[in-house]
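Visitor: Got a predicted model here, sequence first, then my questions.
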Amino acid sequence: ACARLEGASLDDAMRLSRDLLDRDLGGLGPARRHGVEIVEDAVARALESWHSRRLGDMGVPQRGDRVAVAMSGGVDSAVAAMLLRDAGYDVVGVTMRLWHDPSAAAAERSCCSPETMRMARETSHALGIPHVAIDAADAFRQGVVDGFIEGYAKGLTPNPCVVCNGSVRFRLLAQAAALVGARGLATGHYARVVRTGGTATIAAARDAAKDQSYMLAMLPPAVVARLQFPLGDLTKTEVRERARRASLVAAEAVESQEVCFVGQGGYVPFLERNAGLADRPGDIVDADGVPVGRHHGYWRFTVGQRKGIGVAGPEPLYVLGTDAAANRVTVGPRTALASRRVELVDVVCHAPLDPGHAFELRVRYRGRPLAGRSLTPTDDASAVIELVSAAVVAGGIGPDTVRDWMDTHDPSLLRRVPADGELVHLGLRHNLG
C-alpha cells in the first residue's frame, strides 16, 4: 500500500482497492485477505478525514467532463455511475457518512450503515472510478434530524428526505465535487432535468411508479443546472437488468423503505429516545370538540391518517389535526379534509410563476396530482392556489381553512403544464415549521 501511495495522486489513492493490494501480494487467499481489507479501510478513512475537513473550501479547478456521483451503495447509484462512465464522463463516486441514532440498531440497507459504505466503495472500485467518503454526520444531524425532532414535538409531520435533498445532501455533494474538480453532479434518483432556453428544471421520470422528482422540489436552481439523472428514462427493472449484466455487487441490493436515521423499530421509539416524547395520554375529539376516545401522545398521529386511530364511528374517521400544547387529536370524516384553497410559503421557484398557466399540485409523494385553476403570488416567497375542485388535501381542516395544512405535511410540488404536456417542476413547497 505504501509503495502504491507514495507519490500517487489523490485520484490514484481513491482507486486503491483490496483487489489491487491482493494482486500486489500475489494473492493471499480467503483466509488471509482480511489484512488487505483493513488496509483499504484505513486508507479510505484517511481520505475521508482529509476531504471532510476541507468541505466548503474553493477546491481545485472544475472540469466540465468530470461528474461527482452520489453513491449510496444501492443499485440505482451504481448503475447511474456506470452509465456516465460508459458515456465518456470522468466519474468520481462520493458517499456521505450520515448521522444515525446510536441507541438503535442500524437497518442493514440504511444509507448510514457500514455495509452501505463498503458497498459504495466496492462498486466504485469495480467500475474503475475513484471513490471518497465524506463525514456529513454533524451537518445531517443539524440540518435534518433536529428539524425532524422539533417538527414532531410541535405536532407537525416533516418530510426529512425532501429537507435533506434541499438543504444538506446536494449542498455537501457540490462541496465534495469542488474538492475533486467535478463540475457535474449526478445521483441515482428517478427524475429528469429539462433544459430549455438556459433554464434547467426537474421533470418527472419515465417510470411513474418510481418517480422521485417530488423529493427534489427544494433543490436550488444553481444545483439543478449542474445535475444529471442518468436513470430518468429507465424503469427499475431495466436498471437491475443492467446491473446484473455488469455483475455489479449491488445488483440484488434490497431497497430501504424507512427513514434512514431512525434505525430499526421506526420513528415512535426514535422520538421517545431523542425528543423526550414519552407516553402521554390525551383526548381524541370530534370536530366539535366532543371527546370520542383517548390516545397515548399527539405526536403518534399524522394529519390525514386513517388506520390506527383507535376510535370507531358510523363512517371511517381520519385525523383532522393535532394540538401539541393541549395534547389533543381531532378526528372526523374524510370530507372534512377537503379544500379548494392552498397557501404555499417559502417558495423555491425554478420557473416564472404565471397565474394564467395550467398547473398541477401534489401534496404527497404518491399523491394524485390536483388540477389548479388560479395561482396568485402574494410576495416573493409565497402564493395562494385555488384548485379546480375541492380535494382531500391532507392536513386541511375545512374547505376554506389552509393554515393548519400548510403547517403540517409533506412539501407540496407545483407543476407547470406546457402545451406539449411535459410536467416541469416549479418546486413550490409549504413551510415545514
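Guide: Done, it's in.
Visitor: how many other residues sit next to G155?
Guide: Neighbourhood size, G155 [other CB atoms under 10 Å]: 24. The C-beta positions use only the backbone N, C-alpha and C, and glycine is treated the same way.
Visitor: repeat for P30
Guide: 6.
Visitor: SS state for it?
Guide: Here P30 is recorded as coil under DSSP: H, G, I helix; E, B strand; the rest coil.
Visitor: just V94 next, same as before
Guide: Look at V94: counting by three-state DSSP, its state is strand.
Visitor: Contact partners for it?
Guide: By CB atoms under 8 Å, 6 or more residues apart in numbering, V94 lies in contact with 68-71, 131-134, 173, 176-177, 180.
Visitor: would you turn the residues you listed into TSV with distance to V39, neighbour count and pLDDT?
Guide: Shown next, in TSV, are these (distance: CB to CB, whole Å; neighbours: other CB atoms under 10 Å; pLDDT from 0 to 100):
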residue	distance to V39	neighbour count	pLDDT
A68	25	29	98
V69	25	34	98
A70	26	24	97
M71	21	32	96
H131	15	25	97
V132	17	25	97
A133	16	23	96
I134	21	24	96
L173	27	25	97
A176	23	26	97
A177	27	24	97
V180	22	23	96
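Visitor: Keep only those of those residues that are in strands.
Guide: 68-70, 131-134 (DSSP state E).
Visitor: Leaving out sequence neighbours, find the closest residue to L21.
Guide: V36 (4.1 Å; CB to CB, 6 or more residues apart in numbering).
Visitor: And the helices in the stretch 151-300 of the chain?
Guide: Per DSSP state H, counting those that start in this stretch, the stretch 151-300 of the chain carries helices over the ranges 160-164, 170-180, 221-224, 236-245, 267-274.
Visitor: which of the residues in the last one are buried?
Guide: Neighbour counts over helix 267-274 (16 or more other CB atoms under 10 Å) mark 267, 270-271, 273-274 as buried.
Visitor: helices or strands up against that helix?
Guide: helix 146-153 (3 or more CB pairs under 8 Å, 6 or more residues apart in numbering; DSSP states H and E).
Visitor: if you average pLDDT over the helix it packs on, what comes out?
Guide: Mean per-residue pLDDT for helix 146-153: 89.
Visitor: Then stretch 50-65?
Guide: 93.
Visitor: next one: stretch 290-300
Guide: 93.
Visitor: next one: it to chain centre, how far?
Guide: Taking CA atoms, centre = their mean, to the nearest Å, one finds stretch 290-300 lying 31 Å from the centre of the chain it belongs to.
Visitor: bridging residues for D90?
Guide: Counting by DSSP bridges, D90 is bridged to R66.
Visitor: That one and A68 touch, don't they?
Guide: No: assessed by CB atoms under 8 Å, D90 is found out of contact with A68, at 10.1 Å.
Visitor: quick revisit: report the separation between the residue nearest to L21 and V249.
Guide: To V249, V36 is 17 Å away according to CB to CB, to the nearest Å.
Visitor: ok, the two, which is more surrounded?
Guide: Set V36 next to V249 and count neighbours by other CB under 10 Å: V36 wins out with 20 against 17.
Visitor: List the buried residues of the strand or helix carrying the more buried one.
Guide: Counting by DSSP states H and E, the element that carries V36 is helix 34-53. If you call a residue buried by 16+ other CB under 10 Å, then helix 34-53 has these buried ones: 36, 40, 43-44, 47-48, 51-52.
Visitor: ditto for stretch 248-268
Guide: Neighbour-count burial for stretch 248-268, counted by 16+ other CB under 10 Å, picks out 248-251, 253, 256, 259-263, 267.
Visitor: go on, stretch 290-309?
Guide: Judged by neighbour count (16+ other CB under 10 Å), stretch 290-309 contains these buried residues: 292-293, 295, 297-305, 309.
Visitor: picking up where we left off before, between the helix holding V36 and strand 131-135, how big is the angle?
Guide: Here helix 34-53 runs at an angle of 60 degrees relative to strand 131-135 (axes from the mean of the first three to the mean of the last three CA atoms, to 10 degrees).
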